[in-house]
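Asks: The amino acid sequence is not available; the structure is as follows:
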Ligand code: ADP
Ligand code: ZN
């Protein structure tokens, strides 16, 4: 090739054409550096005929500067990038950026310098230096990252380097990872498990695209089963990606993986240190990395020879990204498997209705594990009608559940109370004037966190100290907590069972891999009697001594009434119930509710999953909702409310008139103010087969908006 077209991912421009100087060899997918004005850009060589762009005269082209020494992005991956951009109405560049994730992985040396404390005190101590010394115990990272960790400037740390308090450590980016061994410690599978595992292994060996739904009850050993095709891929020298919904889950998973394969997998998530990120990226692209475990962003990495993807807890909504490119990693993973021709396993005890429907229609191959492993039985489930048997005044745990908690403590067994609300109370009032504490940036109440003495917004992360007096009326010590959060439930348990050892498990308390690992170790060692947790504890964990689960408020998720409310409630409660009785002792589950006859609650009590899915399927079918119809949302936002409203109106005013395509709105979005931006929304509901993406592109493509307005498109939105 002597001229190429580039998509450019570190400047908002392009695609642009360049000349390839004599003697330089490039191919499609090559990552190159090229000049743009006085600066340099990084771009990916793309097929010209797939990228509309102006053809520039040969004589005007500038030369490519260099080809970066990383493997070119393969054709299959380029097609995946195009598909994703097309399907989710995103730009090619925005998707490609997720592949290159860390531009740092591409350029520069394969040795990097990190810093760590030497233990020597600096000669001259300043308050900032003291803060840094305190914050950086046991840390090793680049200056930039350490500065961020300690919330000081880079300059403070450079000062500490000069004073000998911080020392450089050379890190080899390309040092190899420990090798996983397919046969390290292979478990004996049950007959049910073996049958399913054999089928997966066969597909891995055949290198054929098969989308599997691994539909197995909680405790059936889904992990053990999908480890077999992982082993098969390892034997075949192909790479494996395991997508997990939470990083809190990773620690428990890593240990199981290491027991099975004799080495830990490579972990990929958004908060990796830059050196670890580069190391992982390069190992993945070179093919050295064997198994990668990651959050959704791991999906777009440039694997050299991927042979299997597993999406564990595939029903989880955290696979859906809700900003930037609004993609669903579960669905894109299936496309990746299809383009690159290998099997994919979607594992869940409570599959999304969409996935079940795909299995029903024969597109996915369903494999079932109908019973728990090792003779453990499914827990018994009962509802507690809060209207008839309410808790004592000012309390949230009903008498029947209180008795059950006492009983478990006496027997030395563990209990788990589930409430999907972080913090102490969802709403904080002034007891004198009724003033409600609200976030300045979002339409949301500030949530009191009593452990950390903070009022926090769960949407933008804003935090403030609780004021001494009411900002409205000046009343001193005025805060009243309204309603329960997990911290308040933990307080109540402490009153009921003063001797119990209680742990609160939420994204606030388990916010690092170490804390999550610590929690799991303590629970396993029976150093915890009662766990009080949010949705974080509904999945993945396996505590054999846990025999009682209490759902504090099963109605919580049903309020608000969004499309997936019933499904989500079913999944959450079924998953948390699935934590009970996984060992030799049977489990018992109590569901507190004000609506015991609601179909979803009744199905949970009866343990009748099919009844729930059948009713939900009919409801969705008659509403034209997914998986039978298609939804898309257009979200218009601006820091200026009038501007946002005006732009949304302009869009609404030019709506196309298409048969069987319903366009609703604009109306204020459910979070009408989010992170300081006012949001309006239009909803599109269409037949499954409608080309909503084309409709949206044609429609919005002709409109111009003021600079402060952002228009984002959400295809297959999760919540609205
Ligand atoms: P699921 O993910 O389906 O809820 P897990 O994979 O967590 O279930 O398995 C439940 C428990 O049973 C785990 O402790 C797991 O190690 C154990 N287990 C499952 N299958 C086997 C097996 N074949 N041999 C030994 N232990 C197993
Ligand atoms: Zn906020």
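Replies: All right, it came through fine. Here the structure is a predicted model, which means the values were calculated and not measured. Ligands and ions are numbered 1, 2, ... in the order given.
Asks: so residue 465 sits right up against residue 452, yeah?
Replies: No - the pair residue 465 / residue 452 is not scored as a contact, 10.1 Å apart, by C-beta atoms under 8 Å. Every residue, glycine included, has its C-beta placed from N, CA and C.
Asks: Looking at the two, which is more packed in?
Replies: residue 452 (13 against 8; other C-beta atoms under 10 Å).
Asks: Quick one: residues contacting that one.
Replies: Neighbouring residues of residue 452 by C-beta atoms under 8 Å, 6 or more residues apart in numbering: residue 508.
Asks: do the same with the one 3 residues further on
Replies: The neighbourhood of residue 455, defined by C-beta under 8 Å, 6+ apart, consists of 428, 437, 446, 447, 448, 449, 463, 464, 465, 466.
Asks: What helix or strand is the fifth one located in?
Replies: Read it as residue 448. Per DSSP states H and E, residue 448 falls inside strand 447-449.
Asks: Could you do the first one as well?
Replies: Under the assignment given by DSSP H and E, the secondary-structure element containing residue 428 is strand 427-430.
Asks: Not counting that strand itself, show me its contacts.
Replies: 435-437, 445-448, 455, 466, 470, 472-473, 475, 478-483.
Asks: from those, which ones fall inside strands?
Replies: Taking DSSP state E as the definition of strands, those contribute 447, 448, 455, 479, 480, 481, 482.
Asks: Who is the first one paired with across the strands?
Replies: Beta bridges link residue 447 to residue 456, judged by DSSP bridges.
Asks: Likewise for the fifth one?
Replies: Here residue 480 sits in beta bridges with residue 429, going by DSSP bridges.
Asks: For the closest residue to residue 178 other than its chain neighbours, give me the pLDDT.
Replies: Nearest non-adjacent residue to residue 178, counting by C-beta to C-beta, 6 or more residues apart in numbering: residue 263, 3.8 Å away. Reported pLDDT at residue 263 in the predicted model: 94.
Asks: And residue 101, by the same measure?
Replies: Predicted confidence (pLDDT) for residue 101: 68.
Asks: can you map out the strands along the stretch 251-400 of the chain?
Replies: Applying DSSP state E, counting those that start in this stretch to the stretch 251-400 of the chain gives strands spanning 266-268, 291-294, 306-312, 344-348, 365-369, 380-385.
Asks: Including mean neighbour count, distance to ligand 2 and mean pLDDT, could the ones you listed go into CSV?
Replies: Shown next, in CSV, are those (neighbours: other C-beta atoms under 10 Å; distance: least, C-beta to the ion, whole Å; pLDDT from 0 to 100):
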stretch, mean neighbour count, distance to ligand 2, mean pLDDT
strand 266-268, 22, 29, 93
strand 291-294, 23, 28, 96
strand 306-312, 25, 31, 97
strand 344-348, 26, 32, 97
strand 365-369, 18, 42, 97
strand 380-385, 18, 34, 96
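Asks: Using TSV, lay out those strands together with distance to ligand 1.
Replies: Output for the strands of the stretch 251-400 of the chain, formatted as TSV (distance: least, C-beta to the nearest ligand atom, whole Å):
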stretch	distance to ligand 1
strand 266-268	19
strand 291-294	15
strand 306-312	8
strand 344-348	7
strand 365-369	7
strand 380-385	17
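Asks: still on that earlier bit, does the residue nearest to residue 178 really touch residue 180, like I thought?
Replies: Yes - at 4.6 Å, residue 263 counts as touching residue 180 under the criterion of C-beta under 8 Å.
Asks: In terms of neighbours, single out the busier of those two.
Replies: residue 180 (21 against 16).
Asks: thought that one was touching residue 292?
Replies: No - assessed by C-beta under 8 Å, residue 180 is found out of contact with residue 292, at 11.2 Å.
Asks: where do the contact lists of these two overlap?
Replies: residue 265.
Asks: Count the residues that sit near the nearest residue to residue 503 once chain neighbours are set aside.
Replies: In space, residue 503 comes closest to residue 528 once its chain neighbours are excluded; the distance is 4.6 Å by C-beta to C-beta, 6+ apart. A count of nearby residues for residue 528, using other C-beta under 10 Å, gives 21.
Asks: how about residue 528, what does it touch?
Replies: Here residue 528 is in contact with 414, 501, 502, 503, 519, 522 (criterion: C-beta under 8 Å, 6+ apart).
Asks: so how far is residue 684 from the fifth one?
Replies: Using C-beta to C-beta, to the nearest Å, we find residue 519 at a distance of 43 Å from residue 684.
Asks: Report the contact partners of residue 634.
Replies: Residue 634 touches 651, 681, 682, 683, 684, 696, 700, 711, 712, 713, 714, counting by C-beta under 8 Å, 6+ apart.
Asks: out of those residues, which are buried?
Replies: 651, 681, 682, 683, 684, 696, 711, 712, 713, 714 (16 or more other C-beta atoms under 10 Å).
Asks: Output these as TSV; include the columns distance to ligand 2, pLDDT and secondary structure.
Replies: Below are the buried ones among the contacts of residue 634 laid out as TSV (distance: C-beta to the ion, whole Å; pLDDT from 0 to 100; DSSP: H, G, I helix; E, B strand; the rest coil):
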residue	distance to ligand 2	pLDDT	secondary structure
651	26	94	helix
681	18	93	strand
682	24	94	strand
683	24	92	strand
684	28	93	strand
696	29	93	helix
711	22	94	strand
712	19	93	strand
713	24	94	strand
714	20	93	strand
